[in-house]
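>>> What follows is a predicted protein model with its sequence.
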Amino acid sequence: MNTTLAGFPTLHIESWVDPVVDEVGHDPRSAYVETYWLPVLGPSTTWLLRRIASHLDESPGGVELETEELARGLGLGERFGPNAPFARTVKRCVDFEMAEWRSESLAVRRHLPPLARRHLRRLPESLQARHELEIELAPRKAPDRLRIHGRRLALSLLEYGEDRAAAEQQLIRLAFHPALAGECAAWAALEHARRRTAAAEAMACGGRSAAASAPTRVQAVTRVQTGAPAAAMPPPAGPPTI
């Protein structure tokens, strides 16, 4: 089992599927994680989870990442020994149970759980009070109409060129609860990517069909030169029989 990254130029990432945490947890790019998990995990670990979440959105079945490129993209240098910054960041993900090694793959959570009490004690008192108030005011289950409305708004923002984080912040400014705003923005990002993929596949299929059915230039010129009709016309119908 690889736990140091030494000698591994690529890192295979897969989704850590946890039905309970995936239902109640928070996207690594959400305002909740940025506000409450960041002081616990640290910036490099939080950013690694955010970056991996984006890759898994595009490739839910797993993705192979260049270790050096990933580390340098996060500002964690180029060393890959057991005490290198990137290796310590990955180890921190594992220590906090945000990831786990599975053979030669690293399974990473796509949703982070709500903070446990032991983690809350590590926050400044102001954030502890804010977190407690937010939990008290959080809707236990948002009405379906509100959730549908939030999803449609977030999807519209993405279609107009906004990114996921901007859509989430806009919903918060429109008085959506941060947890619901994050959920709606996450759904909209997946739906937006699905629609773009479907549109590209439909365009590719349409282009192939048109090319297959259209006569070639050589066929068209040959018909003109020989006077051959483009297609046989059916004989005229006779008078109706009474």
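Cool, got the structure. Since we're looking at a predicted model, the values are computed, not measured. Numbers count the residues shown, from 1 in each chain.
>>> in stretch 84-94, what's buried?
Residues of stretch 84-94 classed as buried: Ala84, Pro85, Phe86, Ala87, Thr89, Val90, Lys91, Arg92, Cys93 (neighbour count, 16 or more other Cβ atoms under 10 Å). Glycine gets a C-beta too; all of them are placed from N, C-alpha and C.
>>> Now that the second one has come up, it's in contact with Ser44, right?
I take that to be Pro85. Yes: between Pro85 and Ser44 a contact is recorded at 6.9 Å, counting by Cβ atoms under 8 Å.
>>> before we move on, back to that, can you list which of the buried residues of stretch 84-94 are found in helices?
Taking DSSP state H, the ones among the buried residues of stretch 84-94 that sit in helices are Pro85, Phe86, Ala87, Thr89, Val90, Lys91, Arg92, Cys93.
>>> Tell me which residue lies nearest the centroid of the protein.
By Cα atoms, centre = their mean, the chain has its centre lying nearest to Asp57, at 2.6 Å.
>>> So what does His12 have for phi and psi?
Dihedral pair for His12: phi -90, psi 120, per degrees, to the nearest 10.
>>> which ones are touching the closest residue in space to it that isn't next to it in sequence?
Spatial nearest neighbour of His12, chain neighbours left out: Ser105 (4.5 Å); criterion: Cβ to Cβ, 6 or more residues apart in numbering. With contact set as Cβ atoms under 8 Å, 6 or more residues apart in numbering, Ser105 has these partners: His12, Ile13, Glu14, Gly62.
>>> mind listing what the strand or helix carrying the third one pairs with, with the direction of each?
Right, the one you point to is Glu14. If you go by DSSP states H and E, Glu14 is part of strand 10-16. Here strand 10-16 is paired, per DSSP bridges, with strand 63-66 (antiparallel), strand 105-109 (parallel).
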